[in-house]
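1. any chance you could fold what I've pasted below:
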Amino acid sequence: PLDMSADPDGVASLRAERARASFNSDELEAELRGGADAVASRRALLTQLQADPVLGAGRLDDAFLSREQKFEVRLERAARVRAVHLRGADASRLRTYDSLRLHREGGVLEKAGGFALHIGMFMPTIELLGTEEQAREWLPLARTCAILGTYAQSELGHGTNLARLETTATFDPASDAFVLHSPTVTSTKWWPGGLGKTSTHAVVMANLQLGGQWRGQHAFLVQLRDLRTHAPLTGVELGDIGPKMGYASVDNGFLRLTHVRVPRAQLLQRHARVGRDGSYTLLSSEPKAVYGTMLVIRTWWTKPASHCSTQPPSPRDTRRSGGRAAQGPSSGSCSTTPRSRRGSSP
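-> Below you'll find the predicted structure:
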């Protein structure tokens, strides 16, 4: 066995392995993360967060928690980030936290539980699909966590197949509101993160109907729970879908709407608008722009994937890999991939 008595924490081994690289790791990180300034901001904020007594608990300890405990711990950590480290922060610092995706960083901040879609999809959707007036009204509430949101698109019978989504939004001129409805079992919104227990609001994708004519999928800001009691509002049926193979700390949920009225002003209207008389105006030359959030999010997903593939290995991984390099693969094995990297969640 490899003698690590002289380097019990593996720091020296890690530095030695990094020094053997044929490329400059700092230059690679800057290229992947958007420049040296972005790297510096990310490192400074991440160092501060990881030094926190609540956030500094290790990932290994989390493995022994129950699903309910994991959910509660992640909420506590995410809330502490906002309450302590970002309290009173200016817009630039908030953008640094959000844009650098530190809530999805490995270790103590990994997968921010019920806050993940609030940060990663609810707020970006308002920014991408809402008007400037809507952004001014809703984003301050979201950034201060006065409301917590999710993104409800996938349905029990239809995932990203937008053409088959069944949730409807019918405009009622008499009340100047849309009536959102889940007409079938398969139209149940299924899997949105944060929906099960956390979210008070959601961006709901629904098929817009005006005067008997279908206008395709549009995004609606819908309040789901009472802001004081957190109880579901009238016509809203929702809950947690239960244990899953991964993402135990995330409360993925289901949602059914029974003739829920949503004010006309809560249709996100950067690319299409509905007038008081029910008239429809397409403001974009590309109708698919109303699906802009998912297109952007899918490109964002490639970034964490590339970052994970280039993450510096832990000292334990370095020791194991270095030992294998020196001693050759163990009997019956042809892999030098560290065991802790195999089968990891996306």
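
2. got the phi and psi for the closest residue to Ala265 other than its chain neighbours?
-> Nearest residue to Ala265 in three dimensions, chain neighbours excluded: Gln134, at 7.7 Å (CB to CB, 6 or more residues apart in numbering). Glycine gets a C-beta too; all of them are placed from N, C-alpha and C. In terms of degrees, to the nearest 10, the main-chain angles of Gln134 are phi -70, psi -40.

3. ok, the one 5 residues further on next?
-> Backbone torsions for Leu139, taken as degrees, to the nearest 10, come to phi -70, psi -40.

4. show the pLDDT at it.
-> Looking at Leu139, its pLDDT stands at 94.

5. excluding its backbone neighbours, what's nearest it?
-> Leu139 sits nearest to Ile126 (CB to CB, 6+ apart), 5.8 Å away.

6. which SS state does Arg136 fall under?
-> Assigned with DSSP: H, G, I helix; E, B strand; the rest coil, Arg136 falls in the helix class.

7. how many residues are close by it?
-> 10 (other CB atoms under 10 Å).

8. go on, Ala206?
-> As a burial measure, Ala206 scores 29 neighbours (other CB under 10 Å).

9. element containing it?
-> Using DSSP states H and E, Ala206 maps to strand 201-210.

10. same question for Ala12.
-> Ala12 belongs to helix 11-19, assigned by DSSP H and E.

11. for that helix, packing partners?
-> With contacts taken as 3 or more CB pairs under 8 Å, 6 or more residues apart in numbering; DSSP states H and E, helix 11-19 sits against helix 315-327.

12. give the rounded mean pLDDT of the helix it packs on.
-> Mean predicted confidence for helix 315-327 is 48.

13. wait, what's in contact with Thr47?
-> Under the criterion of CB atoms under 8 Å, 6 or more residues apart in numbering, Thr47 has no neighbours.

14. tell me which residues of whichever strand or helix holds it come out buried.
-> Here Thr47 sits within helix 36-50, counting by DSSP H and E. Using 16 or more other CB atoms under 10 Å as the burial criterion, the residues of helix 36-50 that qualify are Ala38, Val39, Ser41, Arg42, Leu45, Leu46, Leu49.
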